[in-house]
Structure formats: C-alpha cells, structure tokens
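Asker: I need the structure of the sequence given here:
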Amino acid sequence: MAGSTFGTIFKITTWGESHGAGLGVVIDGCPAGLYLCEEDIQKFLDRRKPGQSQFSTPRKEGDIVHILSGVFEGKTTGTPISLVIYNENQRSKDYSEIASFYRPGHADYTFDMKYGFRDYRGGGRSSGRETIGRVAAGAVALKILNQLGITFTTYTKSIGPIVCDERLFDAMQINQNALYMPDAEAAANASAYLEACMADGDSVGGMVECVISGMPVGIGDPVFEKLDANLAKAIMSIGAVKGFEIGDGF
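Answerer: Prediction:
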C-alpha cells in the first residue's frame, strides 16, 4: 500500500492499524533545536481520543504518546522524529460478526476489491483511528508555525441543520462543550439534535471551520503546488470528509 506519506520539506508518514499493536508517525524535515516534549503532543491527542462524550466512539483508549527518536535533552536533533501510540483497548472480537459482510459507508468493499482481503477489525488503515498519527505530527508542526507567528482557530461550524450564529461567536466556548462549537446556544441545540438522531439509529454530518492567522505572502507555487490545492489534498484525505472550501468558498 502506497500513499501513507504527505509533504515535501516537512514530511510525515503515518503507520499502524486500528487493532494492531499501535499507531504512529515518522516526521522528517523538522528543524533542529525546537523545544519538544511528549506533553506538547499529548494535549492534542487528549482532544481527539475516543470515549470523551456520548457522541464519539465508546472505545476507551489512553492514547499516550511516546517519542522514540529525534529528540535529545528536550530539543529536536534534526533527524527523523518517530512517535508511537500503543493500542490498549482493541476488542477485536467486537467485529467478528461483520467478517462476512461489508459495512455501508466504510472502505470494506473497496479494500477487498483492491487487495483481495480486508482487515474487518475496525477497518485497519481505513479506520478513523489512523488520524492519531496526523494529530501527533500536527502538534509538532504547530510549534514550528507558532514560532513564525502563524496561529489557528478551529471549531465546529455546523452539525446537520444547526449552524453557529456568527454574532454569538465566542472562542472561549470552543473547548467548553463536547461539540467544540463557539456558540453555546447552537451547541445545546446540536446536542439535542444528535441525541434524536442516535435514538433513530441515524448519523449526521457537519462542517468544521479553521481560521489561519499570520500567514506570510507568497506561500505555495502558481500551478500544481498552490497552497489551496495542498490544503485541500490534506483535508480531503481524512476519512469521511466530502467537501472543502477556502475563503468565501461556495
């Protein structure tokens, strides 16, 4: 399987399966001398780890990161940084009933057609758990970008028909509710809406918005290496993402 690497200068390769021994990422191209410790990464992994609310997967994982290489005495050395997160609650037997059929909306069928077999224990590499390596690498990238004065504000803009009111935007609210919405009223309405969907055995999509501030002029190249194009590729490679817009968008 090719296609597990993204980037050119700051390059990441994610690895591991949902029900393997663990998952992780190798980061190549991180400059030397960057202060980095496991806590810098752990705080972001804690935000994504499962089982934190009724709306996420019930799987319980500590998702503790371990730095295996590329850091000495609290600073990056300029060599590849290897990060690993061991799986602790695999419960592969939970998936034994679906070994003989494909799940709608998953990659089960396409994996089987492409490779001649599939890892039915949570989808293997197609599992949402693969994103743990991206989050770990993103935490390192964020430290570099912050030193350049580039900052991010990211939040859930809408869930189903519930959309945040821009007039009520409060960045302090983002981490105060399970849905990461900057509008407390919208968060309450979206929670009630999701509970109704769950009671019906249904699911629903939403929109995530990211505001990037402090970007210098001239990043990217004019044709196939546009900043927009590379951002779109990165976001669209996340499982279940079906649309991307930038600026005023659609």
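Asker: tell me where this protein has helices.
Answerer: Using DSSP state H, the helices assigned to the chain run over residues 38-48, 108-115, 131-147, 184-199, 227-236.
Asker: state the distance from the residue lying farthest from the centre of the chain to residue 112.
Answerer: Going by CA atoms, centre = their mean, the residue of the chain most distant from its centre is residue 100, 29.2 Å out. The gap separating residue 100 from residue 112 is 12 Å, by CB to CB, to the nearest Å. No exception for glycine: its C-beta is placed from N, CA and C like everyone else's.
Asker: please apply the same query to residue 193.
Answerer: Computed as CB to CB, the residue 193 to residue 112 distance reads 35 Å.
Asker: and for residue 185?
Answerer: Distance of residue 185 to residue 112, computed by CB to CB: 45 Å.
Asker: do the same with residue 102
Answerer: Going from residue 102 to residue 112 by CB to CB gives 7 Å.
Asker: residue 35 now?
Answerer: Counting by CB to CB, the gap from residue 35 to residue 112 is 46 Å.
Asker: where does the prediction get shaky in the protein?
Answerer: Counting by pLDDT under 70, the chain contains low-confidence residues at 51-52, 58-60, 90-96, 98.
Asker: residues contacting the residue nearest to the spatial centre of it?
Answerer: When the chain is reduced to its mean C-alpha position, the closest residue under CA atoms, centre = their mean turns out to be residue 131, at 4.4 Å. If you count contacts by CB atoms under 8 Å, 6 or more residues apart in numbering, residue 131 has them with 48, 238, 239.
Asker: now residue 148
Answerer: When the contact criterion is CB under 8 Å, 6+ apart, the partners of residue 148 are 214, 216.
Asker: same question for residue 39.
Answerer: Per CB under 8 Å, 6+ apart, neighbours of residue 39: none.
Asker: circling back: with respect to residue 30, which of the helices of the chain lies nearest?
Answerer: Of all the helices of the chain, helix 131-147 sits nearest to residue 30, with 6.1 Å by CB to CB.
Asker: about what we covered before: select from the contacts of residue 131 the one having the most neighbours.
Answerer: Using other CB atoms under 10 Å as the neighbour criterion, residue 48 leads the contacts of residue 131 with 17 neighbours.
Asker: could you find the closest non-adjacent residue to it?
Answerer: residue 135 (5.2 Å; CB to CB, 6 or more residues apart in numbering).
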